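Chemist: sequence and predicted structure are below.
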Amino acid sequence: WNEAKAGGNAAMKWLGAKGASGTFEEPTSSTASTQVSLLETLTSQGYTGWGVSAVEAQSLTTPIAQAVGKGLSVVAYDSPLPGTKAQFYIGTPNSTAGCDAGKAMAQAIGSGDVVAISGSLTAANTQQRLAGFKQCMGSSIKVVQVLNDNQDVNTAVSDLQAAIQANPNIKGIYAIYSYDGGAAGQAVQGAGATGKITIISDDGEAETVTDVRRGLIAASILQRPYYQGYMLALVLAADKVLGRSATMNLVKPYFAAGLGDTLSTGVGVMTKANISDFVNFWHSIGISSQ
């Protein structure tokens, strides 16, 4: 989220000079109830719109409908909000990201059993990434277990260690949530399976970057969240100034083909060979990792 926040702040610096104001809010905990409460509070504080990465899409159906009914703009980012009144989605085409992860796993192990792990099995981004992964991993790879760590890194480590111990045939781990890459690295090392189990992860947290650099993680699929935060601020400002219809006319030509109302911010595949490209970008925006 450091990268998304940097993008949002960069856009707001430019917009602020033109009279706009905005804030990047971080919930006190990653639960649906906390998120709903925060959004209801923000709606009552006079904001003209908000962008949201949903902990659970279903829990936001009513709050989004209420906000839109009051004239607010609501845009999904990071994770889509299907079945709600959100305007559209800014972010990674998650099925594409999952497919890239599946291809990376196939290239690394060829065949064998794989465990997947995520912080929420009900989040749309998890479901779409896992579907894309399975579609592109090839018939010789089998996902034998999908773990839910409930957004707790310690749970992720212990659950993966238990899975490795229970199934000595595991050859790969697909780590879907941002911290899961580092957790998978800890679990593999703890099990003495370094070099035996391949990790394909998502995102670029500090521990993930370190593990990619030393070869513990074969590849990590990056979302480019700087552009998510940046475009989100611009779209919400445009909605206020130009109106929703005019804003949609501006962005629709850039929607990703075949992916519905998705304004793609791109997908990056970080490996040991190209990691300096991503690290240099992070340094240029004042952060050390995604």
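Modeler: Perfect, thanks for sending it. Residues are numbered from 1 along each chain as shown.

Chemist: per-residue pLDDT, Arg244?
Modeler: On pLDDT, Arg244 comes in at 91.

Chemist: close enough to count as contact, it and Gln87?
Modeler: Yes: Arg244 is within contact range of Gln87, at 6.8 Å (criterion: Cβ atoms under 8 Å). Heads up, the C-betas are built off the backbone N, CA and C, glycines and all.

Chemist: now the common contact residues for the two.
Modeler: Here Arg244 and Gln87 share the contacting residues Ser73, scored by Cβ atoms under 8 Å, 6 or more residues apart in numbering.

Chemist: between those two, which one's more packed in?
Modeler: With neighbours defined as other Cβ atoms under 10 Å, Arg244 and Gln87 compare such that Gln87 has more, 23 against 16.

Chemist: Ala4 reaches Ala233, doesn't it?
Modeler: No: between Ala4 and Ala233 there is no contact under Cβ under 8 Å: 10.6 Å.

Chemist: for the helix or strand in which Thr96 is found, name the packing helices and strands.
Modeler: In the assignment (DSSP states H and E), Thr96 maps to helix 94-109. Counting by 3 or more Cβ pairs under 8 Å, 6 or more residues apart in numbering; DSSP states H and E, the packing neighbours recorded for helix 94-109 are helix 124-136, strand 141-148, strand 170-175, strand 198-202, strand 217-222.

Chemist: so after the shortest one, what's the next helix or strand?
Modeler: Right, strand 198-202. Downstream of strand 198-202 (by DSSP H and E), the next one is helix 206-213.

Chemist: what's the answer for the second one, then?
Modeler: The element immediately downstream of strand 141-148 (helix or strand, assigned by DSSP H and E) is helix 153-166.

Chemist: kind regards, and thank you for your time.
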